[in-house]
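[1] The sequence and its predicted three-dimensional model are supplied below.
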Amino acid sequence: MKTMIPILAMFFLFYYYTNKEEILIPDYAIRFRVIANSSSEEDQELKMKVKEEVEEKLNRLMVNARTSQEAKIILQEELPHIQNLVENYTKESEISLGMNYFPEKEYHGVVYPSGNYDSLVITLGHGLGNNWWCVMYPPLCFLENKTQNEEVEYRFLVKDLLEKYTS
């Protein structure tokens, strides 16, 4: 118990002196990103249509993947079909499967660091607009869509303990 108090005190200080929490997505994760041609309303709507169409297909595919390696093989095999889905909306697009750059992103108060990540990236037109992304494998973005009408609360055990004993 004596060693637990200093550990809790360190976590308490860390919690109150950092504004943003950083959660690392696992190294084996595969991200999915759609970048709009521009940030115009029309281009953003197109981005979301492409995202929804491709995401629906990816959702069906990723259910069968038991490892990230299997997910990569499935994606490689399905890449021509994904390209066809995108081309139904626009011929001006580029699809990249592999290591792609992602800028830093804050989502629900969590900071995701910038860097090169294993991913499927669809760039529409010039790719100068706002983008959308999620973790495709493990299928976290698909899990989020299932709960989109519900408020999701992210909780951390240490934070909960600190709040319980400091209140």
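    Good, I have the coordinates.
[2] does residue 141 really touch residue 120, like I thought?
    No - if you go by Cβ atoms under 8 Å, residue 141 and residue 120 don't touch, sitting 11.3 Å apart. From N, CA and C alone the C-beta is placed, and that goes for glycine too.
[3] Now list whatever residues contact both of those two.
    Common neighbours of residue 141 and residue 120 (criterion: Cβ atoms under 8 Å, 6 or more residues apart in numbering): residue 32.
[4] Tell me the secondary structure at residue 54.
    Under DSSP: H, G, I helix; E, B strand; the rest coil, the three-state class of residue 54 is helix.
[5] for residue 76, that is, sorry about that
    Quick answer, by three-state DSSP: residue 76 is helix.
[6] can you count the residues close to the closest residue to it other than its chain neighbours?
    Excluding its sequence neighbours, the residue lying closest to residue 76 (Cβ to Cβ, 6 or more residues apart in numbering) is residue 97, at 6.6 Å. Counted with other Cβ atoms under 10 Å, residues neighbouring residue 97 total 17.
[7] Quick check: which element contains residue 97?
    Residue 97 is part of strand 93-102, with elements assigned from DSSP states H and E.
[8] Sounds good, over and out.
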